[in-house]
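# When you get a sec, could you give me coordinates for this:
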Amino acid sequence: MYDYIIIGGGIVGLSVGLELLEQKPALKIAIVEKESHVAAHQTGHNSGVIHSGIYYKPGSEKARLAKIGGQSMKDFCESNDIEYDICGKVIVASEEEELPLLDNLYKRGLQNGLDIQLMEKEELLEREPHVNGKRAIHVPMAGIVNYRQVSEKMADIIRHKGGDILLNHEVVAIQEDNNEVVVITDQGDIKGQFYINCGGLHSDRIAKKAKLLTDMKIVPFRGEYYQLVEEKRHLVKHLIYPVPNPKFPFLGVHFTRMIGGAIDVGPNAVLGFKREGYRKTDIHLPDLFEVLAYKGFWKLASGYMKEGIEEMIRSASKQLFLKNVQKLMPEIQAADLKTGPAGVRAQALKDDGSLVDDFYILPSKRAIHVLNAPSPAATASIEIGKEIVRKLI
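As a prediction, this is how the structure comes out:
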């Protein structure tokens, strides 16, 4: 009999387990993960950015937890000898019509309590001499880390503190009564007093197994990246982002330095035909039909039809993707880009077609369900863990 069962071995689930044992070392906890290792999906396939919180609505949990979570993540890495790099970020306006958007983003960053600076073209070119920009925001506290390494260290600490990490255990059902919860897996039943759903791409399905009624569904969006060839990596000094399109809920094609030296370029954002599909050819018909049968998806699609089609075309055409890249860095050529990794973002979508814009954590009688935790959840994960544990203990 466990005190707490955590479903999902990504960085959020691991952070919850770690915080529970920090607060009460005598607790008996289990982390249940269907894959053979932790950080198998969103955590292990993201861009590795330590975000600042500049993009998010002032007062939102994303803004608050990204800011303090970035510092917590740096502290964790320092304490556990994990490599990270506070390389800073520049957010660049390349065209005149983007300047008001940049100014609005700068004001938002100040509202979120960030020590950021506006840079005119001359100062931008001193920092990033190969970038095409008229003005930029310098975000000095942004950085990079390998979140899989962070997760593996968290798992090691949890085991050392007596927690169980049950790999290769897929949840097939959940039973709750007044005295206990039974998490039924394909490897057997796991009993506990309480459970926390950190199922990521499957968090809505875990909630459904527990008969929790919600007005949302997880829709997967695949982010596809290229990488700069090694000879061109010197062109990128910081993280380089465009001003985001306020009409589209993604950040646009950007340049991301990675721990280890690679430079990722992307992503585009296309509907995933499989919740855990990292290749363009990955299709899982039940996953796809579930999305296509969801009225919220069609309401969303009608509002973003133009942008969505453009993303799909860029996914199919390297040349069109290159045009987006050259907007920020004109000297990049097609031969400078090789196919890189891909990730899948678990985005909660409501029945009315609106995207769930903030972290979404829903309590029930014997559970807490983390139903929307896309970026910047990795950055904020330690603080999300603390928030959840505060609700529990």
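
# Please work out which residues outside stretch 268-288 touch it.
Contact with stretch 268-288 is made by 41, 45, 201-202, 218-224, 250, 253, 291, 308, 311-312, 314-315, 321, 341-346, as judged by CB atoms under 8 Å, 6 or more residues apart in numbering. In this view, the C-beta of every residue, glycine as well, is placed from N, C-alpha and C.

# change it to 6 Å
The contact list for stretch 268-288 (CB atoms under 6 Å, 6 or more residues apart in numbering) reads 41, 201, 220-224, 250, 311-312, 314-315, 342, 344.

# quick one: low-confidence parts of the stretch 151-300 of the chain?
247-249 (pLDDT under 70).

# all strands of it, in order?
Using DSSP state E, counting those that start in this stretch, the strands of the stretch 151-300 of the chain run over 164-166, 171-176, 181-185, 188-197, 216-228, 239-242, 254-257, 263-271.

# export these to TSV and tack on mean neighbour count?
Formatted as TSV, the strands of the stretch 151-300 of the chain follow (neighbours: other CB atoms under 10 Å):
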stretch	mean neighbour count
strand 164-166	18
strand 171-176	17
strand 181-185	19
strand 188-197	19
strand 216-228	22
strand 239-242	24
strand 254-257	25
strand 263-271	23
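
# need the ones you listed in TSV with distance to residue 158, can you?
Below are these laid out as TSV (distance: least, CB to CB, whole Å):
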stretch	distance to residue 158
strand 164-166	6
strand 171-176	19
strand 181-185	17
strand 188-197	14
strand 216-228	26
strand 239-242	30
strand 254-257	29
strand 263-271	29
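
# between those, which gets nearest to residue 138?
Closest to residue 138 of the strands of the stretch 151-300 of the chain is strand 239-242 (CB to CB; 10.8 Å).

# So which other helices or strands are in contact with that closest one?
strand 89-93, strand 254-257 (3 or more CB pairs under 6 Å, 6 or more residues apart in numbering; DSSP states H and E).

# Residue 34 touches residue 170, doesn't it?
Yes - contact criterion CB atoms under 6 Å: residue 34 and residue 170 qualify, at 3.8 Å.

# higher neighbour count, these two?
More crowded of residue 34 and residue 170, by other CB atoms under 10 Å: residue 34, with 21 against 12.

# roughly how far apart are residue 68 and residue 80?
19 Å (CB to CB, to the nearest Å).

# for stretch 345-364, the distance to its chain's centre please.
With CA atoms, centre = their mean, to the nearest Å as the basis, stretch 345-364 stands 14 Å off its chain's centre.

# how about that stretch: buried residues?
345-350, 353, 355-356, 358-362 (16 or more other CB atoms under 10 Å).

# And for stretch 244-259?
Residues of stretch 244-259 classed as buried: 244, 249, 250, 251, 252, 253, 254, 255, 256, 257, 258, 259 (neighbour count, 16+ other CB under 10 Å).

# residue contacts, the fifth one?
Going by CB under 6 Å, 6+ apart, residue 252 touches 242, 244.

# now swap in the fourth one and tell me
Residues in contact with residue 251 (CB under 6 Å, 6+ apart) are residue 244.

# one more time with 8 Å, if that's ok
By CB under 8 Å, 6+ apart, the residues touching residue 251 are 55, 241, 242, 244.

# And residue 109, by the same measure?
Applying CB under 8 Å, 6+ apart to residue 109 gives the contacts 52, 54, 116, 137, 139.

# The first one and residue 377, how far apart?
Meaning residue 52. Using CB to CB, residue 52 is found at 15 Å from residue 377.

# how near is the nearest residue to residue 183 once chain neighbours are set aside to residue 168?
Nearest residue to residue 183, sequence neighbours excluded (CB to CB, 6 or more residues apart in numbering): residue 190, at 4.5 Å. Look at residue 190 and residue 168: by CB to CB, they are 13 Å apart.

# Same check on residue 81?
29 Å.

# likewise residue 95?
The gap separating residue 95 from residue 168 is 51 Å, by CB to CB.

# State which helix of this structure is the longest.
In the chain, assigned by DSSP state H, the helix with the most residues is helix 61-79.

# Show which residues not belonging to that one make contact with it.
Residues outside helix 61-79 that contact it (CB under 8 Å, 6+ apart) are 50-53, 56-57, 82-84, 86, 112-114, 141-143, 145, 150, 153, 357-359, 376, 379-384, 387.

# now stretch 177-195
Residues outside stretch 177-195 that contact it (CB under 8 Å, 6+ apart) are 1-7, 30, 32, 166, 168-176, 366-367, 392.

# ok now the longest helix of the chain, how far from the chain's centre?
Centroid separation between helix 61-79 and its chain, computed with CA atoms, centre = their mean, is 14 Å.

# One more: stretch 285-298?
For stretch 285-298, the separation from the chain centroid amounts to 22 Å (computed by CA atoms, centre = their mean).

# Same question for stretch 311-327.
Relative to its chain's centre, stretch 311-327 lies at 23 Å (CA atoms, centre = their mean).

# Let me have it in PDB, keeping just the CA atoms, if that works.
The C-alpha trace of stretch 311-327 is given here as PDB (Å, rounded to 0.1, in the frame of the first residue of the first chain):
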ATOM      1  CA  GLU A 311       2.600  24.800 -41.300                       C
ATOM      2  CA  MET A 312       1.700  21.700 -43.200                       C
ATOM      3  CA  ILE A 313       3.300  23.000 -46.400                       C
ATOM      4  CA  ARG A 314       6.500  23.900 -44.600                       C
ATOM      5  CA  SER A 315       6.500  20.400 -43.200                       C
ATOM      6  CA  ALA A 316       6.500  19.000 -46.700                       C
ATOM      7  CA  SER A 317       8.800  21.500 -48.300                       C
ATOM      8  CA  LYS A 318      12.300  22.200 -47.100                       C
ATOM      9  CA  GLN A 319      12.500  25.100 -49.400                       C
ATOM     10  CA  LEU A 320       9.500  26.900 -47.900                       C
ATOM     11  CA  PHE A 321      10.900  26.100 -44.400                       C
ATOM     12  CA  LEU A 322      14.200  27.700 -45.500                       C
ATOM     13  CA  LYS A 323      12.400  30.900 -46.400                       C
ATOM     14  CA  ASN A 324      11.200  31.200 -42.700                       C
ATOM     15  CA  VAL A 325      14.800  30.500 -41.600                       C
ATOM     16  CA  GLN A 326      16.300  33.100 -43.900                       C
ATOM     17  CA  LYS A 327      13.900  35.800 -42.500                       C
END
